[in-house]
Structures are given as C-alpha cells and as structure tokens.
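In: Show me the folded form of this:
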Amino acid sequence: MRPLDNAFDSAAPSIASRKTRTALLWLGAIAVLAGCAAPPPELPQRKLPVKGELAGQSIETTVDSRSARYYLEHHIAGERTGSELDARIAVAEHRTRRADFTREHLSKLSECFSTDFATLLFTRQLLRHDRNRRLHRALQRETDRLIRGDAADKPLPEASDPHYMLLFAPGWFYATTDSGADFARQRETLTRMGYDTRLIETQENGAVEDNAAIIADTIRRFSRKARDIILVSVSKGGPEAAFALGHLLAPHEARRVSAWINVGGLLRGTPLADRAFEWPRSWLARPYFLYKGWDMAGVASLTGRRSDARLRQIRMPAHILVLNYIGAPLSGQVMPGRTTDNYRSMRHLGPNDGLTLLVDVLALDGVTLVEPGLDHYFLDPLLDLKTAALARVVIDRLEKR
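Out: Numbering: from 1, shown residues only. The predicted model follows:
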C-alpha cells in the first residue's frame, strides 16, 4: 500500500469547450469577493516574447522574465553563454534532478527567478524522469500515428483490448455547465472505438468525501461485471477518486481497478477555496453562494486543511497504475478571463494551472504526462486523437505488466 500524503511532502483541470469561459461556477464568487480585501503580493508581470521548444512541442508566447526567456530559448537548447545566470540555472537543475518538488521549493524558485522559469524547470525535470519520458514519447508516437491516418472518411482505431471498462469521475458542476467536466467528448470517442464507458453520477457540488463514497460504491458494483476497470477523474473528481481507491475501498474491493488516470486533480485542494473562507471574503461568501443556490460543501472540502487530512488517510493499492495528466501553462498561455485572474492570484505561490498548484496534482509513485502550454481547461484541438492515443498507450502498458 502506498501513502499519498508523503508524496506531496516530498514531491482538470476540467477539459472544457472553447465556448466556456469558466469550468467551475463558484470561481465567480471568488472573483467577486476578491475585491473586498487586499490581494496577495504580486510579482512583477512582464510580457516578453519567446520562441523555443520543450518536450517536443514548439512554444511561441510571452513570459514574465528574462531568465525564463533565456532558459527556453538558449539554455534548454544547449546554447550556454557561461554567464552567472547559467551557473544559477545549473544549481537549480541539480537540486531538482530527481523531480522531487515541493510547494516551498517551487515558491522559492518563483521568487528567485520567476513563475514562468519555475514552470519550465518543473516541466523539464519531470520529463527527464525516465518513466515519465518513456510514457510521454509513447503518447507522442501514438498521437502522431493517428494524425497521419486521420481523415474524415476513416473511423477511429478499434479498441486495443475492449474488455476494459472505463469509469469517469466528473468535475465540478458537470451536469449544468458545458465545461466538459462530464467527459462527454472523451466518452463518445472511446465508445466509438469499442470501449465500455460509464459516467459516475456524483453530486455536482457535493463534498469530496460524499462523492468518494459514490465512486467507491460504483466500483464495487461494476467489479462484479468487469474484468478490468480504468478509473479516470478530472479536477475535483481527482481527490474523490483518490479517497475512494485509497481509503474507502478495501484492497480486495479495488482488485479490478487496473489504473487511475488523474487529470488535473485537486488532490491538495486549491488556494482559491482557502481564500473563500478568509476574512473579509468569508463574510460575503455564504450569502453569495446562497444567492446562487450553491452549497458551500464542495468548496469547504477543497480547503488545504481538509485536503491534507484526507491525504493522510490514503493508502493506494500497489497494483494500481497511477497516471497524472497535467497542464503546465506559461503566463502568456493561460486562457484570458477568469482563468488569468486566478492564475495571477496564485503566481506568488508558484507554477499553477489557473485553479491549483501544479505540484499539488502529483500523486505518489505515479507516472506523469505533462502538456506544456495547457491550463486547467485543457483546450486542445487534438483532444479526440489524444484521448484515443492515451487509451491505447495506457492499456498497452497494462498488458505488458
């Protein structure tokens, strides 16, 4: 059994449509209340043009510092000048060579260099890790293969092994918004490929612990029918899935679960939830939520204290393959609007995706896929093909174990 809490001490995002400006309605409340108190200290915000390559992807955007621009355009490309900055970068890379990031370390890197620099370093070091690098390359190869064969008159590839059942634990307000938190596109794609997909009907705005019980009951029910289960969760569904697998289910009850794909999971909550309960925001939060017809239970269950308490109780069964799938945007790549506001409000804490800190998405012993340039909403024109590619790569990995 593997404890999750130690991973965070040592160590989606909902997937939204382009029409959606916010995947989680309660963030509107946070934004409204944000003007009622002094914001946290802001780091200097620059918009310096940058062009380079990271993780096999071309990047052309803006960054917040000269150190971030130099790191992407020159240092990563192997064009070193022997400057003092190169020496400082070398020290930072050496200290993070095991990719064992912590909140405190990334916050310090953001302070000493910049948030974008810390995001680039975080991404690069994760992908230098052998297990992560191999999986990342496998996904790239499969995606490229599907792109080469993609055409309007060609069907999606058939399921590599259709006996797998895919259960989806949705994100916040998945039924009443078009945020994509219901995995509708992904489920449609995988169903067309021949996979058996099911949406777990959790409470849209329920507490993490309550929804975890629903997920656990669903797994118990389908374990009697399915040979192998892959559980996929997104955003708020992440901590719900983790609590179900690692605490509520007995080891023998989780034996049919072969893998858990954690897409941008709020495993340690979100700083935005903590701020909703800080004075003076807390004075207005409850009336605002009451006015909107929302329960505070969902927000309250994502505070840091509640999240850390859950993590201390989790022991993940050793047989489950844990795959973290995260977006890692630079400041110039965050979706304009509410996501940008949330991103900026958390910049002083370190790299984030517009809803949570990137380090807080990582689960113990999990292999990690990083998508440079994507924020918590995962707006990707290749979403359907990547869904198909990821399913085939994960199942191929399971079959070879």
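
In: what sits up against stretch 210-230?
Out: Contacts to stretch 210-230, defined as CB atoms under 8 Å, 6 or more residues apart in numbering, come from residues 163-167, 169, 196, 198, 200-203, 231, 236-237, 239-245, 247-249, 253-261, 297, 394-395, 398. To be clear about C-beta, it is placed using only N, CA and C from the backbone, and glycine gets the same treatment.

In: if we go to 7 Å?
Out: Residues outside stretch 210-230 that contact it (CB atoms under 7 Å, 6 or more residues apart in numbering) are 163-167, 169, 200, 202-203, 240-241, 243-244, 248-249, 253-254, 256-259, 261, 394.

In: Name only those of those residues that count as buried.
Out: For the contacts of stretch 210-230, a neighbour count by 16 or more other CB atoms under 10 Å gives the buried set as 164-167, 169, 200, 202, 240-241, 243-244, 248-249, 253-254, 256-259, 261, 394.

In: Which residue lies nearest the spatial centre of the chain?
Out: Gly264 (1.5 Å; CA atoms, centre = their mean).

In: wouldn't it be in contact with Pro329 here?
Out: No: in this structure, Gly264 sits apart from Pro329 without contact. The criterion is CB atoms under 7 Å, and the distance is 11.4 Å.

In: between these two, what contacts are shared?
Out: By CB under 7 Å, 6+ apart, Gly264 and Pro329 have these common neighbours: Asp353.

In: Show the contacting residues for Gln186.
Out: Gln186 makes contacts with Thr387, as judged by CB under 7 Å, 6+ apart.

In: repeat for Gly332
Out: Contacts for Gly332 (CB under 7 Å, 6+ apart) come out as 47, 61-63.

In: From those residues, which land in helices?
Out: Taking DSSP state H as the definition of helices, those contribute nothing to them.

In: Where do the helices of the stretch 101-250 of the chain begin and end?
Out: The residue ranges that make up the helices of the stretch 101-250 of the chain, judged by DSSP state H, counting those that start in this stretch, are 103-112, 115-128, 130-149, 184-193, 208-223, 237-243.

In: of all these, which lies closest to Gly78?
Out: Nearest of those to Gly78, taken as CB to CB: helix 115-128 at 12.7 Å.

In: so where is the chain shaky, pLDDT-wise?
Out: Scanning the chain with the threshold set as pLDDT under 70 gives 1-45, 150-157, 159-161, 292-293.

In: So the most far-flung residue of it relative to its centre: helix, strand or coil?
Out: Among residues of the chain, the one most distant from the C-alpha centroid is Gly82; the distance is 35.6 Å, by CA atoms, centre = their mean. Following DSSP: H, G, I helix; E, B strand; the rest coil, Gly82 is assigned to coil.

In: who does Thr197 bridge with?
Out: Residues in a beta bridge with Thr197, per DSSP bridges, are Leu166.

In: Surely it and Thr191 touch.
Out: Yes: applying CB under 7 Å as the test, Thr197 and Thr191 come out as touching, 5.4 Å apart.

In: neighbour count winner among those two?
Out: Set side by side, Thr197 and Thr191 give different neighbour counts by other CB atoms under 10 Å, the larger being at Thr197 (20 against 14).

In: which residues touch that one?
Out: Contacts were defined as CB under 7 Å, 6+ apart; by that measure Thr197 touches 166, 168, 187, 190-191.

In: would you turn the residues you listed into TSV with distance to Tyr325?
Out: Formatted as TSV, the entries for those read as follows, by distance: CB to CB, whole Å:
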residue	distance to Tyr325
Leu166	14
Phe168	13
Arg187	16
Leu190	15
Thr191	20
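
In: List just the nearest of the residues you listed to Asp274.
Out: Each of those was checked against Asp274 using CB to CB; the closest is Phe168, at 27.8 Å.

In: Identify the residue spatially nearest to that closest one, adjacent ones excluded.
Out: Counting by CB to CB, 6 or more residues apart in numbering, Phe168 lies nearest to Phe183, which is 4.4 Å off, once chain neighbours are set aside.

In: wait, what's in contact with the one you found?
Out: 168, 170, 199, 232, 234.

In: Please tell me I have it right and the first one contacts Thr202.
Out: No: contact between Phe168 and Thr202 fails when scored by CB under 7 Å: they sit 10.1 Å apart.
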